[in-house]
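1. here are the coordinates; sequence isn't available:
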């Protein structure tokens, strides 16, 4: 209430997500983790491994949000172009980061393999490190853009290191109430509840479980007291419609 | 080769995806289904339940791609604003579609519930229907924008009705080869294979399975013969590096 809302955008980089080969799970992990810090994901984009697309998305979104997080494209192979794209987006050179290079060199390898690994030490000039305890090289950040791996367990390691360092706002709290009723019988009274509580965001999510139609109402907001009041109103509304409801 | 590439964009509408409450699976289903028709998802966006964000994404992406598919926000509750946003994006009125209204009216309900259900018959003027055999009202399309439900089984029913009607291009074929080796030992020879086959897109996807590091190489292209040649080169490359590989 009056407090500034802190927002982030996520850019998921990878042809394998757009082709349907791979199911992305990183967005959800990032959203839940940043949510704990009071940082809201305002939008997300999934872009191809194409320089112009990545550069455009990075520049548009870093101007619009407090943070931009990217996933994918930071390995040692020819299709890993994220670092070069971020450098281009910021108009800086790609340079070898001494500490990343030292980490990579600490693990012995034949010269050709070492040369490939050292590609992962090339970051935009001025970039800092995002620690990674998953055994592969660290991620990096420049300005408000944070560059994470695409492999989920490596992404999570970097996210765990990064999250406590990001300044957030008020944490958005969430309460859910579920009842076995469709959306139409509750649409009108629910609209009234939403209209009288503009600071609470109420979402309605229908589902079918074991052949039965149900709806989960999710109320989200930063004021715990107000949220509890809204949940009580929602429970009363379900009772008025003649169905039992449960908090989840 | 010379044939025009047919592209689509996907817009996933919903706060519940951005908050991390819900794991999206619709993008992958859409990508696989359209892929069978030779339509490539070039980009995807996940946007909040906010009119300005939805309208901007629809107008930007419908100008840039052959098709735009949206998911989510077409139910009867206050947070279902997709139809109104699409109407706004096209600069047309929201009107009751006679056939959707008739479908809804064919299922009896008390007046207040019927009134809520009939919200789902309100579509942009000039919109056509996307059939839905999942028991809920149909989706709709206007221009090159196709509006589908967010609930996965309903989305899939609409997609199944829609997909055969979309004109596509050459189907992108995919072949995969996997070996238990990291990316760095193969990065250099793989780059050479990619460089000599610009019409084939080779992606390198490292993984850890049962504690062992491996890499899957995925070659994608429209020419089956060329794809087979590239796969043979990749297998030979794995053998040169000294590891066994399997086609998947």
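-> That came through fine. Since this is a predicted model, take the numbers as computed values, not measurements.

2. low pLDDT regions in chain A?
-> Scanning chain A for pLDDT under 70 picks out A:1-3.

3. all helices of it, in order?
-> Taking DSSP state H as the criterion, chain A carries its helices at A:15-18, A:26-36, A:51-64, A:82-90, A:98-105, A:111-118, A:152-162, A:184-196, A:224-241.

4. export these as a markdown table, with columns for mean neighbour count and distance to residue A:76.
-> (Glycine included, C-beta is placed from N, CA and C.) As requested, the helices of chain A are exported to a markdown table (neighbours: other Cβ atoms under 10 Å in any protein chain shown; distance: least, Cβ to Cβ, whole Å):
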| stretch | mean neighbour count | distance to residue A:76 |
| --- | --- | --- |
| helix A:15-18 | 24 | 17 |
| helix A:26-36 | 20 | 20 |
| helix A:51-64 | 18 | 18 |
| helix A:82-90 | 22 | 11 |
| helix A:98-105 | 15 | 10 |
| helix A:111-118 | 17 | 4 |
| helix A:152-162 | 20 | 13 |
| helix A:184-196 | 19 | 50 |
| helix A:224-241 | 16 | 47 |
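
5. so which of those helices is nearest residue B:28?
-> Smallest distance to residue B:28 across the helices of chain A (Cβ to Cβ): 8.0 Å, for helix A:15-18.

6. before we move on, the earlier item: among the helices of chain A, which is nearest residue B:209?
-> Here helix A:152-162 is closest among the helices of chain A (Cβ to Cβ), at 11.6 Å.

7. counting by contacts, list what that closest one packs against.
-> Here helix A:152-162 is seen to pack against helix A:26-36, strand A:128-130, strand A:139-142, strand A:145-148 when contacts are counted using 3 or more Cβ pairs under 8 Å, 6 or more residues apart in numbering or on different chains; DSSP states H and E.

8. mind checking those for the one nearest to residue B:155?
-> helix A:26-36 (17.8 Å).

9. run the chain-centre distance for that closest one.
-> Distance of helix A:26-36 from the chain centroid (Cα atoms, centre = their mean, to the nearest Å) equals 5 Å.

10. helices or strands up against that helix?
-> Packing partners of helix A:26-36 (3+ Cβ pairs under 8 Å, 6+ apart): strand A:6-13, strand A:39-47, strand A:67-71, helix A:152-162, helix B:15-18.

11. mind putting the ones you listed in CSV, distance to residue B:232 included?
-> Compiled in CSV, the helices and strands packed on helix A:26-36 are given as follows (distance: least, Cβ to Cβ, whole Å):
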stretch, distance to residue B:232
strand A:6-13, 29
strand A:39-47, 31
strand A:67-71, 32
helix A:152-162, 31
helix B:15-18, 41
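
12. show residues contacting stretch A:192-199.
-> Contact partners of stretch A:192-199, identified using Cβ atoms under 8 Å, 6 or more residues apart in numbering or on different chains, comprise A:1, A:200, A:202, A:221-223, A:226, A:229-230, A:233-234, A:237, B:78-79.

13. ok, now stretch A:53-70?
-> If you take Cβ under 8 Å, 6+ apart as the criterion, stretch A:53-70 is touched by A:6-13, A:30, A:34, A:39, A:42-43, A:45, A:47, A:73, A:81-82, A:85-86, A:88-89, A:143-148, A:166, B:43.

14. hmm, 6 Å instead?
-> A:6-11, A:13, A:30, A:45, A:47, A:85, A:88-89, A:144-147 (Cβ atoms under 6 Å, 6 or more residues apart in numbering or on different chains).

15. can you check stretch A:107-114 too?
-> Under the criterion Cβ under 6 Å, 6+ apart, residues B:184, B:185, B:188 lie in contact with stretch A:107-114.

16. also near chain A: which of these, exactly?
-> B:184, B:185, B:188 (Cβ under 6 Å from any Cβ of the partner chain).

17. got a list of what the last one touches?
-> Right, the one you point to is residue B:188. Shown in contact with residue B:188 (Cβ under 6 Å, 6+ apart): A:112, A:116.

18. how about the helices and strands packed on helix A:152-162, which one is nearest residue B:207?
-> Per Cβ to Cβ, nearest to residue B:207 of the helices and strands packed on helix A:152-162: helix A:26-36, 14.6 Å.

19. isn't residue A:96 right up against residue A:119?
-> No - between residue A:96 and residue A:119 there is no contact under Cβ atoms under 6 Å: 9.6 Å.

20. which one of the two is surrounded by more residues?
-> Higher neighbour count among residue A:96 and residue A:119: residue A:119, with 22 against 12, using other Cβ atoms under 10 Å in any protein chain shown.

21. got the residues of chain A near chain B?
-> A:15-16, A:18-20, A:23, A:28, A:31-32, A:41, A:43-47, A:75-79, A:112-113, A:116-117, A:183-185, A:187-188, A:191, A:194, A:203-204.

22. list the contacts for the residue nearest to residue A:184 when sequence neighbours are not counted?
-> Distances taken as Cβ to Cβ, 6 or more residues apart in numbering or on different chains place residue B:116 nearest to residue A:184, at 4.1 Å, with adjacent residues excluded. Contacts for residue B:116 (Cβ under 6 Å, 6+ apart) come out as A:184, A:187, A:188, B:76.

23. for these, which one is nearest residue B:131?
-> residue B:76 (19.3 Å).

24. number of residues surrounding that closest one?
-> 28.

25. so it makes contact with residue B:122?
-> No - counting by Cβ under 6 Å, residue B:76 stays clear of residue B:122, with 10.0 Å between them.

26. what's in contact with stretch A:174-182?
-> The contact list for stretch A:174-182, computed with Cβ under 6 Å, 6+ apart, reads A:212-220, A:227, A:231, A:234, A:238, A:243, A:245-248.

27. if we use 7 Å, what do you get?
-> A:206, A:212-220, A:227, A:231, A:234-235, A:238, A:241, A:243-248 (Cβ atoms under 7 Å, 6 or more residues apart in numbering or on different chains).

28. same check, this time on stretch A:237-248
-> With Cβ under 7 Å, 6+ apart as the contact definition, stretch A:237-248 has outside contacts at A:175-181, A:185-186, A:189-190, A:193, A:216, A:235.

29. what about 10 Å?
-> Contacts with stretch A:237-248, where a contact means Cβ atoms under 10 Å, 6 or more residues apart in numbering or on different chains, come from A:175-181, A:185-186, A:188-190, A:192-193, A:214-218, A:231, A:234-236, B:112-113.
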